[in-house]
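Asker: Pasting the sequence and the predicted coordinates here, then a few questions.
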Amino acid sequence: MLVTGLSGAGKSTVLRTLEDSGWEVVDNLPLSLLEHLLSTPLAKASGRRRRPLAIGIDSRTRDFDAQEIVQQIKTLADESHYPIETLYLDCGGSELLRRFSETRRRHPLAPDRPATDGIAAERDLMEPLRRWSDYIIDTTDTDSNALQQQIRDRFGGTKAPYLHVMSFGFARGLPRNADTVFDMRFLKNPHWEDDLRPLTGLDPAVADYIATDEGYEEAVSRIEELLLMLLPRYRREGKAYVSIAFGCTGGRHRSVHVAERVASRLRDAGFSPTVEHRDLASRPRDPVEGQPAAGGQRAEMKD
């Protein structure tokens, strides 16, 4: 597998995680040596045991040319029958700028200019590889630990797809990597109950309140049935990663509860989802949740 992407997007983290998972890893190999590497016999110490191979390349690699790399991969796959896949690490520009600022590193393409110049230049330079890639992971909202777990689950050798269930608040933006998004804002909002506002969807009192909504049971049950029908089909099609996101306005009550319930139902059916609550730690705020409407009811903000 070729591991590439933008500087600062997490390539080094991915390569370390793959190596810890039993992969053979080579980073920044001169491209002229790629065929030689693939044809070199395994070391005796390896016991001649075949391992998956990850090769890291980026804009710092000698003689880097994204279009030529794509052509080289095509040639190797066609003529040598090597099963080569490409993983591309992407990230938003503002987050990359923050990472370079925090570490005080210079961007490799802008050693004497602002990092924004290097980020823009590298994004254009890498675009052919991004379009060619089999897998694209956007790490804008992902820290190092979460990325490591995602790589372990996604490329650890299991035939089952990596299943990620998350909650989020629409007021804080859609999750970048979600395959399927369910909107839970039709359910009664615990935020407007004084005793429930400081709690979250992990608390039984909040779960009980949400469950009293007349549309709750039918809607969530149908979502569960839909996912139980789709997930085996994703597996048969070889999909390696499935991310299911549940959203409400603030991301603290309804979406959290529904994500936990659905994840529990999927576990009962034999799946192994990981669960993430993106906005659970955010503080409750009335302006985020909505504003008073006629009749004393609360009207939620529309996106």
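Answerer: Nice, I can see it.
Asker: ok, residue 137 - contacts?
Answerer: Taking CB atoms under 8 Å, 6 or more residues apart in numbering, we find residue 137 in contact with 10, 87, 88, 89, 90, 147, 150, 177. Using the backbone N, CA and C atoms, a C-beta is placed for each residue, glycine as well.
Asker: Pretty sure the fifth one sits against residue 5.
Answerer: Just to be clear, that refers to residue 90. Yes - using CB atoms under 8 Å, residue 90 is in contact with residue 5, at 6.1 Å.
Asker: out of the two, which sits in the busier spot?
Answerer: Between residue 90 and residue 5, counting by other CB atoms under 10 Å, residue 5 is the more crowded of the two (28 against 20).
Asker: per-residue pLDDT, the more buried one?
Answerer: Predicted confidence (pLDDT) for residue 5: 92.
Asker: isn't it right next to residue 86, touching?
Answerer: No - with contact defined as CB under 8 Å, residue 5 and residue 86 do not form a contacting pair (9.8 Å).
Asker: Run through the helices of this protein in chain order.
Answerer: 11-20, 34-39, 66-75, 93-103, 115-132, 144-155, 204-211, 216-236, 254-268, 286-289 (DSSP state H).
Asker: mean confidence score for the longest one?
Answerer: Spelled out, that is helix 216-236. pLDDT averaged over helix 216-236 gives 92.
Asker: what's it packed up against?
Answerer: If contacts are counted by 3 or more CB pairs under 8 Å, 6 or more residues apart in numbering; DSSP states H and E, helix 216-236 sits against strand 241-248, helix 254-268.
Asker: Out of the ones you listed, which one sits most buried?
Answerer: For these, the largest average neighbour count (mean count of other CB atoms under 10 Å) is found in strand 241-248, namely a mean of 24.
Asker: tell me the mean pLDDT for it?
Answerer: 92.
Asker: And stretch 38-48, by the same measure?
Answerer: pLDDT averaged over stretch 38-48 gives 62.
Asker: Quick check: which ranges of this protein have low pLDDT?
Answerer: For the chain, the stretches with pLDDT under 70 are 42-50, 80-81, 156-161, 237-238, 240, 286-303.
Asker: Dead centre of the protein: give me the residue that sits there.
Answerer: A centroid search over the chain (CA atoms, centre = their mean) returns residue 177, at 4.9 Å, as the residue closest to the centre.
Asker: Now do the contacts for it.
Answerer: 137, 138, 164, 243.
Asker: Give me the phi and psi angles of residue 92.
Answerer: Residue 92 adopts backbone torsions of phi -70, psi 150, taken as degrees, to the nearest 10.
Asker: Spatially, which residue comes closest to it, not counting chain neighbours?
Answerer: residue 140 (4.0 Å; CB to CB, 6 or more residues apart in numbering).
Asker: gap between that neighbour and residue 178?
Answerer: Remark: distance between residue 140 and residue 178 (CB to CB, to the nearest Å) = 13 Å.
Asker: Kindly report the same for residue 251.
Answerer: 13 Å.
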